[in-house]
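# need coordinates for the following:
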Amino acid sequence: MTNGHGTNGTNAPLGVDHPVAICGAGGHAKVVVDVLSNMFPAVDILGFLDDRPELHGTELCGKPVLGSLDLWLKLASNADSALIVGIGDNEARERVATEIAAAGIDFVSAIHPSARIGYGVKVGAGSVLMANTVINAGAVIGQHVIINTSASVDHDCVIDDFSHISPGVNLAGGVTVGRGAHIGIGACAVPGVRIGEWATVGAGATVVNDIPPYTTVVGTPASPIRKGSAVN
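Got it, this is the predicted structure:
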């Protein structure tokens, strides 16, 4: 995969053939606009979809908040548009993406042109790779994943769907990050560790052992402070 380009879940070349709307109208959505605008200068970004009525008719980053996702999905005229979920919260992003997928709407991924993408990397549909990220050879990035600003994902890592790798995170080779996990800003992980699904790694933590699912860890070395249950 060459710098500034990605693949979707079927490894077809990534491209935007349709106008794009962004689900969500918050801080993360603003960054998605920036990434898409830099990656595809000619892309037609239609605007934002958000369920908060007070935002409808307003603008964000010079683009209109068009209305609710539910209404958008019901309009047959929008069938040829593509969507990307610009929501930072992992659980909310999963709920919205599931609703969109059920309606048969295509997703587009966003990869900033400053991202460094290694040989054989796979990037799933709907994922966002922000400025100055590094994804090294053989890594697999799932669907609707956020790889945030200046994060580094080394060779042969596997980042599962709906997870969030925060700014400045450093993952050594062969790390596995489970579905929906959140790795906090500036955290790091040694080679080969497994971070379970829906686990949370606190900011600046150092992961030297496997982290069970639904567990929150902090510190150096990272130690559990909370063990949760499955996300509903």
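
# quick one: the residue nearest to residue 146 when sequence neighbours are not counted from residue 93, how far?
Nearest non-adjacent residue to residue 146, counting by Cβ to Cβ, 6 or more residues apart in numbering: residue 164, 4.4 Å away. For every residue, glycine as well, the C-beta is placed using N, CA and C. According to Cβ to Cβ, to the nearest Å, residue 164 and residue 93 sit 8 Å apart.

# kindly report the same for residue 38.
22 Å.

# before we move on, what about residue 72?
Taking Cβ to Cβ, one finds residue 72 at 17 Å from residue 93.

# which one's more surrounded, those two?
It is residue 93, of residue 72 and residue 93, that has more neighbours when counted by other Cβ atoms under 10 Å, with 25 against 20.

# immediately after the helix or strand containing that one, which helix or strand?
Element membership of residue 93 [criterion: DSSP states H and E] is helix 90-102. Note on helix 90-102: by DSSP H and E, the next helix or strand toward the C-terminus is strand 106-107.

# run through who's touching that next one.
8, 18, 82-85, 97, 100-101, 125-126, 143-144 (Cβ atoms under 8 Å, 6 or more residues apart in numbering).

# can you lay out these as TSV showing neighbour count and pLDDT?
Below are the contacts of strand 106-107 laid out as TSV (neighbours: other Cβ atoms under 10 Å; pLDDT from 0 to 100):
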residue	neighbour count	pLDDT
8	20	35
18	18	76
82	20	87
83	26	92
84	29	95
85	28	97
97	22	96
100	23	91
101	16	91
125	23	95
126	27	96
143	20	97
144	27	98
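
# which ones among those residues lie within helices?
The helices, defined by DSSP state H, take in 97, 100-101 from the contacts of strand 106-107.

# can you list those in TSV and add distance to residue 191?
Shown next, in TSV, are the ones in helices among the contacts of strand 106-107 (distance: Cβ to Cβ, whole Å):
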residue	distance to residue 191
97	30
100	36
101	34
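
# next one: phi and psi at residue 31?
Backbone torsions of residue 31, given as degrees, to the nearest 10, read phi -70, psi -40.

# now for it: which residues touch it?
Residue 31 touches 86, 128, 130, counting by Cβ under 8 Å, 6+ apart.
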